[in-house]
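Participant: I would like the atomic coordinates for the input below:
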Amino acid sequence: MLSRRLVLPEVPQESFFLWGPRQVGKSSLLRATYPDARVVDLLLTEEFIRYTRQPGLLRDELRDAPPGTLTVIDKVQRVPALLDEVHWLIERRGLVFALCGSSARKVRRGHANLLGGRAVRHELFGLVSAEIGASADLVRMANHGVLPRHYLSDKPAPRLRAYVDDYLKEEIAAEALVRNLPAFADFLRVAALSDTELVNFANVARECAVSKPTAQAYYQILVDTLLGRFVEAYTARAKRRVIQSPKFYFADVGVVNHLAARGTVAPGSELFGKALENLMQHELSAYREYAARDWPLRYWRLASGAEVDFVLGDMDVAIEVKSSRRIATSQLGGLRALREEHPSVRRRIVACLETRRRVTEDGIEIVPVMQLLRGLWKGEIA
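Facilitator: Predicted coordinates:
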């Protein structure tokens, strides 16, 4: 098993949630970290039925457990009523729980406070370059995606197809999250085609033949099931009119490739550039979580079209992602416009496919993507 960058406490003193997309490796991480813990696996049909019928069984089964005993509950979103028992056992018995799931949506509907702050939250992402190590292959990541089974597979296409089918069947249909499953399946394809781009809910709704509120609700389902996230615009201290619509990024570029029927994505192509931007968002988001950084991750764009892909913190670092092997002066316009608007920006970086790092006369750093990612995980970027 690859060593993951998310570090869980060896002997947890307080309960926690571990969220993450399907097949990201949550169960494997918990079993590797806590091999002696009692495990309640709600993916098993018999376990699911038992606890659905009688959530109180958990209290009975842990009646003799001493304070501090750890219990792992896998797929906790399948039986949200168990959280009432967990809550009682934490408060009255001093027990500790690791609660693992791929969607807080169903849990939130029935237990809005998610144990009222009695459990901390962790999130596990797909593989990042630092976990793969020296063998990390940018082209493979851009084509296979970063979910462990898909990245490591020599033939990811069947796995990706099964992943999307299982998501529709088990996350969406089984939980009755939408009334019209075919419409939601169409939405997934349309959303994938606009991955990394500004979200226009009206346009998406029109292409899917649904209402704008329905399209907005569909995007929220993707967020709640951790299949994607919004990146908001940086709008502070704007001198000129800036765009405020959010961008949307799927959690795994391999899923995007399958849904959008991209085929093989070759370096230097426009689609490779979009895949590279998705991967950069993934690495930055994962680093922020694992390294416990509290800076926001946003993008910046003027109404005139000048844009920078990512702004870290309050203009601490600005990163533009390009799939070019040689960065031309014309490709630096966004970062130069950003400095005119925000002279206090600390660093401006272009992540690209050039082979050596260099710095322009006005201080823009041109950095190979993998070199930038190595610096990120060493704490040298933000």
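
Participant: where does the chain have low pLDDT?
Facilitator: 1, 106-114, 116-118, 175-176 (pLDDT under 70).

Participant: Domain map for it?
Facilitator: If the domains of the chain are taken from automatic domain parsing, they occupy 16-123, 129-377, with pieces of a single domain joined by a plus sign.

Participant: end-to-end on the last one?
Facilitator: Using C-alpha to C-alpha, to the nearest Å, the end-to-end distance of domain 129-377 comes out at 9 Å.

Participant: rewinding a little: would you turn the domains of the chain into CSV with distance to residue 4 and mean neighbour count?
Facilitator: The C-beta positions use only the backbone N, C-alpha and C, and glycine is treated the same way. Formatted as CSV, the entries for the domains of the chain read as follows, by distance: least, C-beta to C-beta, whole Å; neighbours: other C-beta atoms under 10 Å:
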stretch, distance to residue 4, mean neighbour count
domain 16-123, 6, 17
domain 129-377, 6, 18
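
Participant: among these, which is nearest residue 9?
Facilitator: Across the domains of the chain, residue 9 has its closest neighbour in domain 16-123 (8.1 Å, C-beta to C-beta).

Participant: picking that back up, could the domains of the chain be laid out in a markdown table, adding distance to residue 7?
Facilitator: Converted to a markdown table, the domains of the chain look like this (distance: least, C-beta to C-beta, whole Å):
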| stretch | distance to residue 7 |
| --- | --- |
| domain 16-123 | 9 |
| domain 129-377 | 7 |
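
Participant: So which of these is nearest residue 6?
Facilitator: Minimum separation from residue 6 across the domains of the chain (C-beta to C-beta) falls at domain 129-377, 5.3 Å.

Participant: Residue 370 reaches residue 135, doesn't it?
Facilitator: No: Residue 370 sits out of contact with residue 135 when judged by C-beta atoms under 8 Å, with a separation of 11.5 Å.

Participant: so who does residue 82 touch?
Facilitator: Applying C-beta atoms under 8 Å, 6 or more residues apart in numbering to residue 82 gives the contacts 40, 51, 55, 58, 73, 76.

Participant: please redo it, this time with the cut-off set to 10 Å
Facilitator: Applying C-beta atoms under 10 Å, 6 or more residues apart in numbering, we find residue 82 in contact with 40, 42, 51-52, 55-59, 73, 76, 97, 99, 107, 111.

Participant: repeat for residue 380
Facilitator: 372, 374.

Participant: How much space separates it from residue 363?
Facilitator: Note on residue 380: its distance to residue 363, by C-beta to C-beta, to the nearest Å, is 17 Å.

Participant: same thing with residue 266?
Facilitator: Residue 266 sits 32 Å away from residue 363, going by C-beta to C-beta.

Participant: Can I get the strand or helix carrying residue 214 in CSV, CA atoms only?
Facilitator: Under the criterion of DSSP states H and E, residue 214 resides in helix 212-224. Coordinates of each C-alpha in helix 212-224 appear next as CSV, following Å, rounded to 0.1, in the frame of the first residue of the first chain:
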residue,chain,number,x,y,z
LYS,A,212,-31.8,26.3,-13.3
PRO,A,213,-32.5,25.4,-9.6
THR,A,214,-32.3,21.7,-10.5
ALA,A,215,-28.9,22.2,-12.1
GLN,A,216,-27.7,24.1,-9.0
ALA,A,217,-29.0,21.2,-6.9
TYR,A,218,-27.2,18.7,-9.0
TYR,A,219,-23.9,20.5,-8.5
GLN,A,220,-24.5,20.5,-4.8
ILE,A,221,-25.0,16.7,-4.9
LEU,A,222,-21.5,16.5,-6.5
VAL,A,223,-20.1,18.6,-3.7
ASP,A,224,-21.9,16.7,-1.0
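
Participant: show me where the stretch 51-200 of the chain has helices.
Facilitator: Listed in chain order, the helices of the stretch 51-200 of the chain (DSSP state H, counting those that start in this stretch) span residues 57-61, 82-93, 105-110, 129-132, 138-144, 148-152, 156-166, 181-193.

Participant: Pull the distance from stretch 355-375 to the chain's centre.
Facilitator: Relative to the centre of its chain, stretch 355-375 is centred 25 Å away, using C-alpha atoms, centre = their mean, to the nearest Å.

Participant: mind checking the end-to-end distance for it?
Facilitator: End-to-end distance of stretch 355-375: 15 Å, with C-alpha to C-alpha as the criterion.

Participant: before we move on, what about stretch 317-331?
Facilitator: Here the two ends of stretch 317-331 are set 18 Å apart, with distance taken as C-alpha to C-alpha.

Participant: cool, and stretch 36-45?
Facilitator: In terms of C-alpha to C-alpha, the two terminal residues of stretch 36-45 are separated by 23 Å.

Participant: and the helix holding residue 214 with helix 181-193, angle?
Facilitator: With axes from the mean of the first three to the mean of the last three C-alpha atoms, to 10 degrees as the criterion, the two stretches helix 212-224 and helix 181-193 enclose an angle of 70 degrees.

Participant: What helices and strands are in contact with helix 212-224?
Facilitator: Contact partners of helix 212-224 among helices and strands, from 3 or more C-beta pairs under 10 Å, 6 or more residues apart in numbering; DSSP states H and E: helix 105-110, helix 181-193, helix 201-208, strand 228-231, strand 247-250.

Participant: Can you name every helix or strand that the last one contacts?
Facilitator: In this case it means strand 247-250. With contacts defined as 3+ C-beta pairs under 10 Å, 6+ apart, strand 247-250 has these neighbours: helix 181-193, helix 212-224, strand 228-231, helix 253-259, helix 270-290, strand 297-301.
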